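Asker: Need a 3D model of the following:
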Amino acid sequence: MQHDSTRTSPVFLLSKRGPSLISTCDTTTPQNFAETLPTEMSVKIFGELDAESLCSASLTCKLWHHIIKESDQVWRRQCLLVRAVCQREVDSDRRDGLSWKVTLVKNYTRSCLKRDWLRGRYSHVRSAEELSGRRMTPLDAETWGEILQAELDR
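Answerer: The predicted structure follows:
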């Protein structure tokens, strides 16, 4: 997917009303950046998205879905952000041979929940009803130990 320099570019016209964009391209002109840029550049662009936006972008079109799905680099970056909270879990999954994407999917909710617990978001919960509707996931004994230690330190 290399850039085709034989295609015509949009033209800016200046008038008293201000600049306007007109297209001198025919109807076969690509409609998005991923069609004109090399795949590596599209991967760099997608790599700037957060995990939620990345999932939404993958639903945009088949090309975006394919680029995002196949890019280990994009998923690696997101997974390293999750690793900042769930280092033990991410490292274990990677040692087990799981891909960056599978590791991220497996640990994303856990990392959000663990981060909230460690930051004290649930420090003043008086009953289970206060947690109703919140996304929860099982945590291991070591993680609960970290959370309890953080509570004692507060």
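
Asker: would you list every one of the strands in this structure?
Answerer: 11-13, 20-22 (DSSP state E).

Asker: which regions of the chain sit below the pLDDT cut-off?
Answerer: 1-30 (pLDDT under 70).

Asker: Nearest residue to the residue nearest the centre of the chain in space, please, no chain neighbours.
Answerer: Nearest to the mean C-alpha position of the chain, by Cα atoms, centre = their mean, lies A51 at 1.9 Å. Nearest-residue entry for A51: Q78, 4.8 Å, with adjacent residues in sequence omitted and distances by Cβ to Cβ, 6 or more residues apart in numbering. (C-beta placed from N, C-alpha, C; glycine too.)

Asker: List the residues that contact D116.
Answerer: Neighbouring residues of D116 by Cβ atoms under 8 Å, 6 or more residues apart in numbering: Y122.

Asker: let's see it at 10 Å
Answerer: 85, 122, 134-135, 147 (Cβ atoms under 10 Å, 6 or more residues apart in numbering).

Asker: Touching, the residue nearest to the centre of the chain and L81? I think so.
Answerer: Yes: counting by Cβ atoms under 10 Å, A51 does reach L81; the two are 7.8 Å apart.

Asker: what residues are shared contacts of those two?
Answerer: 104, 108, 111.

Asker: In TSV: these, plus distance to S92 and neighbour count.
Answerer: As requested, the shared contacts of A51 and L81 are exported to TSV (distance: Cβ to Cβ, whole Å; neighbours: other Cβ atoms under 10 Å):
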residue	distance to S92	neighbour count
L104	14	25
Y108	15	19
S111	14	22
